[in-house]
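sequence and predicted structure, then a few things I'm wondering about:
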There are 2 protein chains.
Amino acid sequence: MRSTMQDCPLTIAAIMRHAATVNGDRAVTTATGEGGYRTMSYRELGDQAARLANALRRLGVTGDERVGTFMWNNAEHLAAYLAVPSMGAVLHTLNIRLSPEQIAFIANEAEDRVIIADVSLVAQLAPVLPLLDTVHTVIAVGDGDLDPLDSPHMRVLRYADVIAGERPVFDWPAMEENSAAAMCYTSGTTGNPKGVVYSHRSSYLHSMNACTANASGIGYSDSVLPIVPMFHANAWGLPYAALMAGADLVLPDRFMDAASLIDVIESQRPTVAGAVPTIWNDILHRIESSSGHDISSLRLITSGGSAVPVSLMRAYERLGVQIVQAWGMTETSPLATVAHPTPGVSDDERWMQRASQGRPACGVEVRIVDDEGNPLPHDGKAVGEIEVRGPWITGGYYRGRDGEKFDDGWLRTGDVGRVDPQGFVTLTDRAKDVIKSGGEWISSVELENHLIAHEAVLEAAVVGVPDDRWQERPLAAVVLNEGAAAGPAELREFLADRVVRWWLPERWTFVDEVPRTSVGKYDKKTIRARHADGAYDVIELRD
Amino acid sequence: MRSTMQDCPLTIAAIMRHAATVNGDRAVTTATGEGGYRTMSYRELGDQAARLANALRRLGVTGDERVGTFMWNNAEHLAAYLAVPSMGAVLHTLNIRLSPEQIAFIANEAEDRVIIADVSLVAQLAPVLPLLDTVHTVIAVGDGDLDPLDSPHMRVLRYADVIAGERPVFDWPAMEENSAAAMCYTSGTTGNPKGVVYSHRSSYLHSMNACTANASGIGYSDSVLPIVPMFHANAWGLPYAALMAGADLVLPDRFMDAASLIDVIESQRPTVAGAVPTIWNDILHRIESSSGHDISSLRLITSGGSAVPVSLMRAYERLGVQIVQAWGMTETSPLATVAHPTPGVSDDERWMQRASQGRPACGVEVRIVDDEGNPLPHDGKAVGEIEVRGPWITGGYYRGRDGEKFDDGWLRTGDVGRVDPQGFVTLTDRAKDVIKSGGEWISSVELENHLIAHEAVLEAAVVGVPDDRWQERPLAAVVLNEGAAAGPAELREFLADRVVRWWLPERWTFVDEVPRTSVGKYDKKTIRARHADGAYDVIELRD
């Protein structure tokens, strides 16, 4: 029996049409530095997207060719988010924080034809251009010197010139919802970066999910501030979700220091924001060190990328702002789980739920498996590798790379953790960072979380290092708070009350800062390598 | 370029799986009368759905055969909502308020094989059975006499017996998301009822939409009370939305009087409820006539089916409860528009927006067209027939009936109104009820709204009646409040301050009640017919 329902594809063009019509008077506001802002209505944004699509067509972009972006969070990046997929091409957000070689590898594998780049990023882009095989045109957004981009095989044009003569209407093609809309590469902490190709459908459903109450509940009374970069996992889906909901958008451009972000919040009064915990930590320190700040326009902060310390959530609660932890990755669009507490629980339970990585929305399924791939119970005790599936989860990488990351329709996330009966996921480690000591697993993340709860500790990273007797043993790399003093014996004693005895690290090193990856996570590969090189001053304790 | 996203269909089975696992400890509570309630967890509901699917299979239901329900809002109806579509069959909710002939027409056209019926509805079902061509089995839910259902060609079984021996697991088949999940017939105020066939996808997307902030924002901190019948347009999608969100459900069964409903609200403390304005009016009168009631657990009431008077919304606001108006029909799953005010508007504007039928969610598109089908501007002034399209809007009727209701991919809703630049839809009439006087349109609904604002008026229905000079002229049928007195001259004078002169009705009749259709709307066909028969005592005024 056939359904009588209409056949309406879920597309980025549908999001754009909705935003530019019934929400045409809502606006995207972009920071211009030193407390300045510029604003464009969604009606104007729709016009700009049409101009950009006309310009890209004129410059030769056809079919599903890839258009790269090398940009901060701003209105021009947002117009590309709409124009490129809606014209049938594929938006490819390039991570500006990678090395020139990595960026070139990514752009070459994806066969990008055009790159739209912020002029403020010319210095980062210039060394990439000579390495590119398929890009024929760079469109530079903003004023400033373009000479560093001079290259014999590359056309370099100004965005303003390119769109100036174009019409604000475009004959947007009918799109099949499963066709490619955008691609993004993993940050590649192991091996080469791998491409994830989002469909119109997956982006649309991910946005709808972000608008549901169990996720971020974004609606048209909101104003959304994506601090997480638009070149990183779709800025957690916030731009498309805000456009779908008819919420305003506030974009910080390149002004990402705590003072600038506080100014954005105080002057633009967003209600929802998303950024990694480090950013919220920086903002908190600045607010606490100078009086009179008010960021209480925020009703919800989503945070993730690394575990959000409960102390940080509590500190923001005192400022009248709720931080909700979420978990996901480039491969999951990225929202897979969100940590809203369930109703009617005790205060303790509430904080345990909020300290977890959260539970999946309807549609996303989570399971944990052991070393042999056998599913483990969701009893809040069993620990295994987390696998996910759902309509906005990738089922492979571009060009079939790294097939072993997929298990019978499930994505192997490389994260290790527990799942409780209500679906709350608690990460205990990355699969590659878990410390295998005498056949048992030690969670580096749990040790880190306990260590940073010590008053003398600012940051702590724990890695596994080779051990003759136990195969691997934990090494703790600790950054102390300014002026604080604490030795390995004291910290070990502190941990002894919190974890089983055989987890206690014998090896300790005190450092000025923990090395981080391009997306701000602890770079444990580097920490392990440094230790192998003997660059760390390691203290060994034994019972 | 192919997307790398997983192929995960949007199905009722996915909603069921999510509800019965991560939200397995949430519950559906059903009223049993006289302040009694019974509760079933979503884990048990999943088990019951599996038992029912096994039983239906054993009783011969195969493929996409239709399984009818003839039931109030209760846990067994909810189990059928899950089991029938998830096993690949098609749920067909029969409207218990139609005539036996209409019900038989509908069940025969849909070729229902089995009907699950509440024992409390045996009297209504008995006269239908002899008229049925394809039903071979009736499954009766609850205790009570089944003798009236005795029929030589019909197997009549008890639900409890049927599911008793069945296993609480079922091998749910993989479903294609565009396949039929459920069907529902329009109430057929004009001509025969027509079937709408929902797909798994349309029901899933409609539910996701209900969970978004711009609609009802249903999340797992909610408890949802669908008073609107589950046999009528999917109870406005509330059951599936609550299951998807992991919200509790509270179902009133057949106890639909104001006193029982107030008891449900006070004892079960739902946060979201949906019912037609008449119900909220009845509840309000009862609350106002006896002190000490508290229905403030409700954070949101959605109401529709007929226009929600602003006075009713204001009265509930004083009780601490927000009524939000929504608009739709069986053909639109049914949520098409929702009337949340936009941020930053004046109090006057806010009430104008709330008094409208609302604006569409992303995905649903609305337009108005003139008599020739030409699109009219969305300027808040032009009046035309409203057409809609979107992924949960029907593109036809079952068996291709009434093809003229579809216009180049759009559903012609038969509603007439205006659309403002922000997408707010204001209905001014049904296309068939609009009064065509001297070539111009008079809105019967606007006249009715003004009339009920008069303190003496309880209800008012305005219809067009033949007029020698003007082709049609309005006739007002008025129900006065108990003990109130107002004559046609006074009411006409009252209207004269509110509408243009040529809209003022000359013909007036005062009645004890306005006849209503099976779904509680004014039955204007009957009113017009009665007048034609001279049954109304009509007073004619002239200037």
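Here it is on my side, so go on.

the longest helix in chain A is where?
Assignment by DSSP state H gives helix A:42-58 as the longest helix of chain A.

give the contact list for the closest residue to A:M71 other than its chain neighbours.
Closest residue in space to A:M71, ignoring its immediate chain neighbours: A:H77 at 4.3 Å, by C-beta to C-beta, 6 or more residues apart in numbering or on different chains. All C-beta spots, glycine's among them, are computed from the backbone N, C-alpha and C. Residues in contact with A:H77 (C-beta atoms under 8 Å, 6 or more residues apart in numbering or on different chains) are A:T69, A:M71, A:I116, A:M230, A:L251.

are we agreed that A:H77 is in a helix?
Yes: under DSSP: H, G, I helix; E, B strand; the rest coil, A:H77 falls within a helix.

give me the pLDDT for it.
The model reports A:H77 with a pLDDT of 98.

and the furthest pair within the contacts of A:H77?
A:I116 and A:L251 (15.2 Å; C-beta to C-beta).

which residues of the stretch 51-200 of chain A lie near chain B?
Contact residues (C-beta under 8 Å from any C-beta of the partner chain) of the stretch 51-200 of chain A with chain B: A:D64, A:R66, A:V90, A:N178, A:S179, A:A180, A:A181, A:G195, A:V196, A:V197, A:Y198, A:S199.

which residues touch the third one?
If I follow you right, that is A:V90. Taking C-beta under 8 Å, 6+ apart as the test, what A:V90 contacts is A:D64, A:E65, A:R66, A:V67, A:V84, A:A180, A:A181, A:A182, A:M183, A:V197, B:M1.

could you give the bridge partners of it?
Per DSSP bridges, the residues bridged to A:V90 are A:R66.

how many neighbours does A:N95 have?
22 (other C-beta atoms under 10 Å in any protein chain shown).

and it, which of the three is it?
Assigned with three-state DSSP, A:N95 falls in the coil class.

residues in contact with it?
Contacts of A:N95 by C-beta under 8 Å, 6+ apart are A:Q102, A:I103, A:I106, A:Y185, A:S187, A:P229, A:F231, A:H232, A:S518, A:V519.

repeat that for 10 Å
Shown in contact with A:N95 (C-beta atoms under 10 Å, 6 or more residues apart in numbering or on different chains): A:70, A:102-103, A:106, A:184-188, A:193, A:229, A:231-233, A:330, A:518-519.

check what pLDDT A:E34 gets.
pLDDT for A:E34: 93.

between the residues of the stretch 51-200 of chain A next to chain B, which is nearest B:L121?
Within these, proximity to B:L121 (C-beta to C-beta) peaks at A:N178, which comes in at 44.1 Å.

contacting residues for the closest one?
For A:N178, the contact set (C-beta under 10 Å, 6+ apart) comprises A:P9, A:L10, A:S199, A:H200, A:R201, A:S202, B:R2, B:S3, B:M5, B:D7.

surely the fifth one is in contact with A:T11?
Yes: assessed by C-beta atoms under 10 Å, A:R201 is found in contact with A:T11 at 8.0 Å.

hey, what's in contact with both of the two?
Shared contacts of A:R201 and A:T11 (C-beta under 10 Å, 6+ apart): A:M175, A:E176, A:E177, A:S179, A:A181.

from these, list the buried ones, please.
Among these, those scoring as buried are A:M175, A:E177, A:S179, A:A181 (criterion: 16 or more other C-beta atoms under 10 Å in any protein chain shown).

quick check: the two most widely separated of those?
Among those, A:E177 and A:A181 lie farthest apart (C-beta to C-beta), at 9.1 Å.

out of the contacts of A:V90, who's the most crowded?
That'd be A:A181 among those, by other C-beta under 10 Å, with 31 neighbours.

where does the stretch 401-543 of chain A dip in pLDDT?
A:532-536, A:542-543 (pLDDT under 70).

how about the helices of it, start to end?
In the stretch 401-543 of chain A, the helices defined using DSSP state H, counting those that start in this stretch lie at A:444-452, A:488-496, A:524-532.

need these in JSON lines with mean neighbour count and distance to chain B, can you?
Listed next are these as JSON lines, based on neighbours: other C-beta atoms under 10 Å in any protein chain shown; distance: least, C-beta to the nearest C-beta, whole Å:
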{"stretch": "helix A:444-452", "mean neighbour count": "22", "distance to chain B": "23"}
{"stretch": "helix A:488-496", "mean neighbour count": "16", "distance to chain B": "33"}
{"stretch": "helix A:524-532", "mean neighbour count": "17", "distance to chain B": "25"}
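
let's have the ones you listed in CSV, adding distance to A:E34.
Below are the helices of the stretch 401-543 of chain A laid out as CSV (distance: least, C-beta to C-beta, whole Å):
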stretch, distance to A:E34
helix A:444-452, 34
helix A:488-496, 43
helix A:524-532, 35
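
the contacts of A:N95 in helices, which ones?
A:Q102, A:I103, A:I106.

from one end of stretch A:366-377 to the other, what's the distance?
Terminal residues of stretch A:366-377 are spaced 11 Å apart (C-alpha to C-alpha, to the nearest Å).

do me a favour and get the end-to-end distance for stretch A:390-409?
End-to-end span of stretch A:390-409 (C-alpha to C-alpha): 9 Å.

actually stretch A:210-227, not the one I typed
End-to-end distance for stretch A:210-227: 16 Å, by C-alpha to C-alpha.

run the chain-centre distance for it.
Remark: stretch A:210-227 is offset 16 Å from the chain centroid, using C-alpha atoms, centre = their mean, to the nearest Å.

hang on, the earlier thing: in strands only, show me the residues of the stretch 51-200 of chain A next to chain B.
A:R66, A:V90, A:A180, A:A181, A:G195, A:V196, A:V197, A:Y198, A:S199 (DSSP state E).

contact partners for the first one?
Counting by C-beta under 10 Å, 6+ apart, A:R66 makes contact with A:84, A:89-92, A:107, A:109-115, A:134-135, A:180, A:182-183, A:195, A:197, B:1.

quick revisit: pick out the lowest-pLDDT one from the ones in helices among the contacts of A:N95.
Among the ones in helices among the contacts of A:N95, A:Q102 has the lowest pLDDT, at 93.

correct me if wrong: that one contacts A:G191.
No: taking contacts as C-beta under 10 Å, A:Q102 lies outside contact range of A:G191: 11.2 Å.

which one's more surrounded, the two?
Ranked by neighbour count (other C-beta under 10 Å), A:Q102 and A:G191 place A:Q102 first, with 19 against 9.

distance check, that one against A:S306.
According to C-beta to C-beta, to the nearest Å, A:Q102 and A:S306 sit 21 Å apart.

wait, doesn't A:S207 sit right on A:V224?
No: the criterion here is C-beta under 10 Å, and A:S207 misses it with A:V224 at 11.5 Å.

who touches both of these two?
Common neighbours of A:S207 and A:V224 (C-beta under 10 Å, 6+ apart) are A:I218, A:L238, A:P239, A:A241, A:A242, A:L243, A:A245.

of those, which are in range of chain B?
Filtering the shared contacts of A:S207 and A:V224 for neighbours of chain B using C-beta under 10 Å from any C-beta of the partner chain leaves A:I218, A:A241, A:L243, A:A245.

ok, of the residues you listed, which come out buried?
Among those, the ones that count as buried by 16+ other C-beta under 10 Å are A:I218, A:A241, A:L243, A:A245.

okay, and which of the residues you listed map to helices?
Using DSSP H, these in helices are A:A241, A:L243, A:A245.

and the residues you listed as JSON lines, adding pLDDT?
Converted to JSON lines, those look like this (pLDDT from 0 to 100):
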{"residue": "A:A241", "pLDDT": "98"}
{"residue": "A:L243", "pLDDT": "98"}
{"residue": "A:A245", "pLDDT": "98"}
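
out of those residues, who's nearest chain B?
Relative to chain B, the closest of these is A:A245; by C-beta to the nearest C-beta it sits at 6.0 Å.

who touches whatever residue of the stretch 401-543 of chain A ends up closest to chain B in this structure?
In the stretch 401-543 of chain A, the residue found nearest to chain B is A:G423; the distance is 3.3 Å by C-beta to the nearest C-beta. By C-beta under 10 Å, 6+ apart, the contact set of A:G423 is A:337, A:342, A:356, A:358-361, A:364-366, A:378, B:18, B:21-24, B:246.
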